[in-house]
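[1] After the sequence you'll find the predicted model.
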Amino acid sequence: MAGTGKLFVISAPSGAGKTTLVRKVLKRFNSLSYSVSHTTRSPRKNEQDSVDYFFITVKEFEQKILLDHWLEWAKVHENYYGTSRQFVKNCLEKGRNLLLDIDVQGAKKVMASELEPVTIFILPPSFEVLSQRLENRGTDSKEVIARRLGNAKAEMARKDLYKYVIVNDDLDKATKELCLIFKKEIEMA
Ligand code: 5GP
């Protein structure tokens, strides 16, 4: 799957502020595309199909596993999430830089591939702040939040697998740090 575009992988526990940071970076770099993932979880109130995710059924997802459709896939918080191999291939072959926002399990699969991704982990300032942010978001039930916090601990323990680690304690500062990483890595390509 050799191409001329550069592949970026960002991971963070839910509530670390990753979505906001990713939006800011995408606005800033015209040569950077976003890979819209597929998921079997239900859309949240503010989410749009084909924009935030492609929302598909478990049956459709499992068929695509059998067809080797996914570059990587994982079960996160009881739902399937996956990245289309064909989409990534097309993008990189066209020379576009591409950003994947995926969990640690998926990131490890992409790290083990021939795609040599630039990997970035975003940390919340503390576990307490993360817990507060998830509650304030008001989009998930108590049970879902508890599950996400459990996963967050496990994910944060794997941060050293990544080339860059950013602490999102101040949005402007974290945005600047992230943009510098993209600038450096894109210019190096
Ligand atoms: P959420 O349900 O909050 O949108 O996402 C939950 C987790 O799934 C996040 O850590 C997010 O990065 C991850 N995720 C989203 N899309 C994918 C994907 O295509 N593959 C994998 N492995 N994880 C994903």
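    Ah, there it is.
[2] Give the other helices and strands that the worst-scoring helix or strand of the chain on mean pLDDT contacts.
    Least confident element among the helices and strands of the chain, by mean pLDDT, DSSP states H and E: helix 127-137 (a mean of 87). Applying 3 or more CB pairs under 8 Å, 6 or more residues apart in numbering; DSSP states H and E, we find helix 127-137 packed against helix 142-156. In short, each C-beta sits where N, CA and C put it, glycine included.
[3] quick one, what contacts the residue nearest to residue 68 when sequence neighbours are not counted?
    Distances taken as CB to CB, 6 or more residues apart in numbering place residue 85 nearest to residue 68, at 7.4 Å, with adjacent residues excluded. Residue 85 is in contact with 1, 68, 69, 70, 71, counting by CB atoms under 8 Å, 6 or more residues apart in numbering.
[4] how much space between the third one and the ligand?
    Taking CB to the nearest ligand atom, to the nearest Å as the measure, residue 69 falls 12 Å from the ligand.
[5] quick one: contacts of the least confident helix or strand of the chain?
    For helix 127-137, the external contacting residues (CB under 8 Å, 6+ apart) are 13-17, 124, 140, 145, 148-149, 152-153, 156, 169.
[6] before we move on, back to that, put the buried members of the contacts of residue 85 into a ChimeraX selection.
    In ChimeraX, this line selects whichever of the contacts of residue 85 come out buried by 16 or more other CB atoms under 10 Å:
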select :69,70,71
